[in-house]
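Student: what would the 3D arrangement of this be:
(one chain, ligands or ions: 1)
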Amino acid sequence: MSLTVIGGGLAGCEAAWQAASRGRNVDLYEMRPKRMTPAHTSGDLAELVCSNSFRSEAPSSAVGALKSEMKVLHSLVLAAAEASRVPAGKALAVDRTAFARFITSAIESHPRIRIHRDEITLLPEKTDTIIATGPLTSPALTRSLIELLGTKTLSFYDAIAPIVDATTIEPSRVFRQSRYDGTKDGDYLNVSLTESEYSFLVDFLRRASVRSHLPELEKPSFFEGCLPIEEMARRGEETLRFGPLKPVGLTDPRTNERPYAVIQLRRESLHGELYNLVGFQTQLSIPDQKTLFRSLFPFRSARFARYGSAHRNTYLDSPRLLAPDLSVLRFPRLRFAGQISGVEGYVESAASGLLAGILAGGEQELPPVETVLGGLVRYITTSAATPFQPMKANWGLVPEPPGRLRKRERNQRRAEISTAAVQNYARRLRLLSPLPS
Ligand SMILES: Cc1cc2nc3c(=O)[nH]c(=O)nc-3n(C[C@H](O)[C@H](O)[C@H](O)COP(=O)(O)OP(=O)(O)OC[C@H]3O[C@@H](n4cnc5c(N)ncnc54)[C@H](O)[C@@H]3O)c2cc1C
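Tutor: Here you go, the predicted model:
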């Protein structure tokens, strides 16, 4: 019997790929381009809606370890990221167009996957289905979800960062350097701000209006790790300077000094000079953003390819609804994956899709708790936290390694344990067909 996957984003594509690679026929439903979400701009599968970064590759970071685990499990998303990577220091960042095209063509050419460009508005109860419709699940399907599961999905809002043409920034204020690196050929551009420019920025952000016409907006609440800059500015004069605008680890080669504050820019595409303003996610109205940048000396003539914006984020109360294999307790033929299942982030969404696909492809065994993937899925399906909030990869999800170790050694040890555990897990699963290159 064929498997239905709803949503052709990171989780849905990974799930469809994994299940199909294990011999299952898959019908993948993606509503774009017929019906767009407020954040997607194309009909490509697995479009990245905001940052182009899959975060750190350091094996001692939990998200780095999660990526290593996914590679061992033949992740399509990571194969696409490798094939479309752009320089970004210790992070894995991609050319978003090349990334989405890689996945679209891999899915389109898989003999066991049929793509339907349609919106699903009713949840099927009687077919094996993976729901991976993401944080911007269409309103009709959200209503069906509430009716079927008898519970309210929670909503809140994420803010996204602007993208600028770096050649249009005041050149006397830009220098290339990665943090704590010191050489001139780092992967990041840094825009230095003087003390008075920084104060102007904070003052402006505190006074500026935020968009008031967000649909279905109840009371906006944001993750602590992804606060809009205006919210951070409201928390204190120095909050931004100790947060995304921190100058530590950077030396302006022209003055040989650490700048007062820095806006870091990370490359967006392999070709051209588009960069996003790291951590500069904002809810400000576009006219306010234009006024702000025109008044901030380094950006006075800058051309922006995209201004920041804010969007809905929908996810389930998963610990109360889902079994450890991501299936719905009351409707075991339905599984959830991706951001809607209560994980947070590109890598985590793809990882949960990968697991949902492996299980829907006929495997029974869950990943060991020593792996970040195992720990993450265990957390979202069993957490006692109320209200439940989506979770990113972090080392708190896996058991403490034995012995008294310093933090750095402890994380290295956890990474070694997770690598061994995922390799053993992979050995017990059936082998996949090769990944596209
Ligand atoms: C505005 C915004 C910015 C974000 N920025 C980042 C970031 O910078 N870094 C990060 O790590 N994470 C970010 N996230 C969080 C999250 O990692 C991404 O949303 C990620 O794309 C989630 O993957 P997914 O597969 O769960 O959902 P998606 O990638 O959104 O895929 C879901 C797909 O389902 C489709 N769909 C929706 N409803 C239906 C329906 N009824 N029928 C058929 N198809 C449907 C959509 O069109 C979409 O293609 C952001 C989230 C939002 C909302």
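Student: residues in contact with the closest residue to the ligand within the stretch 251-400 of the chain?
Tutor: Here the residue of the stretch 251-400 of the chain nearest the ligand is Gly338; by C-beta to the nearest ligand atom that distance is 2.4 Å. Every C-beta, even on glycine, is put in place using the N, C-alpha and C of the backbone. By C-beta atoms under 8 Å, 6 or more residues apart in numbering, the contact set of Gly338 is Gly7, Gly9, Leu10, Ala11, Gly12, Ala132, Thr133, Gly134, Ser349, Ala350, Ser352, Gly353.
Student: the nearest residue to the last one once chain neighbours are set aside and Asn424, how far apart?
Tutor: For Gly353, ignoring the flanking residues on the chain, the nearest one in space by C-beta to C-beta, 6 or more residues apart in numbering is Ala11 at 3.1 Å. Computed with C-beta to C-beta, to the nearest Å, the distance linking Ala11 and Asn424 is 25 Å.
Student: who has more neighbours out of these two?
Tutor: Neighbours were counted for Ala11 and for Asn424 using other C-beta atoms under 10 Å; Ala11 has more, 35 against 12.
Student: where's the more buried one relative to Leu66, distance?
Tutor: From Ala11 to Leu66 the distance is 14 Å (C-beta to C-beta).
Student: cool, and Gly338?
Tutor: Per C-beta to C-beta, Gly338 is found 15 Å from Leu66.
Student: and Tyr315, bridged to which residues?
Tutor: Beta-bridge pairing of Tyr315 under DSSP bridges involves Leu154.
Student: typo on my end, it should be Arg176
Tutor: Under the criterion used (DSSP bridges), Arg176 bridges to Leu189.
Student: for Pro324, give me its contacts.
Tutor: Leu366, Val377, Arg378, Thr381, Thr382.
Student: in three-state terms, label the nearest residue to the third one once chain neighbours are set aside for me.
Tutor: This means Arg378. Distance criterion C-beta to C-beta, 6+ apart; nearest residue to Arg378, sequence neighbours excluded, is Val369 at 6.1 Å. Secondary structure for Val369, judged by DSSP: H, G, I helix; E, B strand; the rest coil, is coil.
Student: try Ala305
Tutor: strand.
Student: OK, contacts around it?
Tutor: The neighbours of Ala305, taking C-beta under 8 Å, 6+ apart as the test, are Ile163, Val164, Asp165, Glu268, Leu274.
Student: wait, is Ala356 part of a helix?
Tutor: Yes. Per three-state DSSP, Ala356 lies within a helix segment.
Student: what's the pLDDT at it?
Tutor: Reported pLDDT at Ala356 in the predicted model: 98.
Student: ok, and the most crowded of the contacts of Pro324?
Tutor: Busiest of the contacts of Pro324 [other C-beta under 10 Å] is Val377, holding 30 neighbours.
Student: could you list every residue that touches the residue in the chain positioned nearest to the ligand?
Tutor: At 1.7 Å from the ligand, Gly9 is the closest residue in the chain, using C-beta to the nearest ligand atom. Residues near Gly9 by C-beta under 8 Å, 6+ apart: Leu45, Ala46, Glu47, Ala132, Thr133, Gly134, Gly338, Ser349.
Student: a helix runs through the second one, doesn't it?
Tutor: Pointing back at Ala46 there. No. Assignment of Ala46 by three-state DSSP gives coil, placing it outside any helix.
Student: burial measure for Lys34, as a count.
Tutor: Neighbours of Lys34 (other C-beta under 10 Å): 10.
Student: let's verify it: helix, strand, or coil?
Tutor: Applying three-state DSSP: Lys34 is coil.
Student: surely it meets His116?
Tutor: No. Using C-beta atoms under 8 Å, Lys34 is not in contact with His116; the gap is 10.4 Å.
Student: before we move on, back to that, show the buried residues in the contacts of Ala305.
Tutor: Neighbour-count burial (16 or more other C-beta atoms under 10 Å) is assigned, among the contacts of Ala305, to Ile163, Val164, Glu268, Leu274.
Student: distance-wise, check Arg413 relative to Glu69.
Tutor: 16 Å.
Student: picking up where we left off before, nearest to Asp187 among the contacts of Ala305?
Tutor: Distance to Asp187 across these (C-beta to C-beta) is lowest for Glu268, with 12.2 Å.
Student: excluding its backbone neighbours, what's nearest that closest one?
Tutor: Leu274 is the one closest to Glu268 (C-beta to C-beta, 6+ apart), at 4.0 Å.
Student: so what does that neighbour have for phi and psi?
Tutor: Main-chain torsions, Leu274, degrees, to the nearest 10: phi -80, psi 130.
Student: contact partners for it?
Tutor: Here Leu274 is in contact with Ile163, Val164, Asp165, Ala166, Arg267, Glu268, Ala305 (C-beta under 8 Å, 6+ apart).
Student: verify the stated contact: the fourth one with Asn190.
Tutor: Which is Ala166. No. The criterion here is C-beta under 8 Å, and Ala166 misses it with Asn190 at 10.8 Å.
Student: who are the contact partners of the spatially closest residue to Leu205 that is not a sequence neighbour?
Tutor: Leaving aside its chain neighbours, Leu205 sits nearest to Ala233 (3.7 Å; criterion: C-beta to C-beta, 6+ apart). With contact set as C-beta under 8 Å, 6+ apart, Ala233 has these partners: Leu201, Val202, Leu205, Arg206, Thr239, Leu240.
Student: just to revisit the earlier point, which residues are in contact with both of Ala166 and Asn190?
Tutor: Residues touching both Ala166 and Asn190 by C-beta under 8 Å, 6+ apart: Val174, Leu265.
Student: can you tell me which residues contact Ser178?
Tutor: Gly89, Lys90, Gly186, Asp187, Tyr188.
Student: what separates it from Ser2, distance-wise?
Tutor: 47 Å.
Student: same check on Leu45?
Tutor: As for Leu45, its distance to Ser2 is 19 Å (criterion: C-beta to C-beta).
Student: who's more crowded, these two?
Tutor: When neighbours are counted by other C-beta under 10 Å, Leu45 and Ser2 differ, and Leu45 comes out ahead with 25 against 15.
Student: rewinding a little: hmm, which two among the contacts of Pro324 are most spread apart?
Tutor: Farthest apart among the contacts of Pro324 by C-beta to C-beta are Leu366 and Thr382. That separation is 12.0 Å.
Student: for Gln281, which residues are in contact?
Tutor: Counting by C-beta under 8 Å, 6+ apart, Gln281 makes contact with Cys50, Asp158, Ala159, Ile160, Ala161, Cys226, Leu227, Pro228, Ile229, Gly308.
Student: can you give me phi and psi for it?
Tutor: Dihedral pair for Gln281: phi -60, psi 140, per degrees, to the nearest 10.
Student: report the beta-bridge partners for the residue lying closest to it once chain neighbours are set aside.
Tutor: Take Gln281 and drop its neighbours on the chain: the residue closest to it by C-beta to C-beta, 6+ apart is Ala159, 4.1 Å away. On the basis of DSSP bridges, Ala159 is bridged to Ala310.
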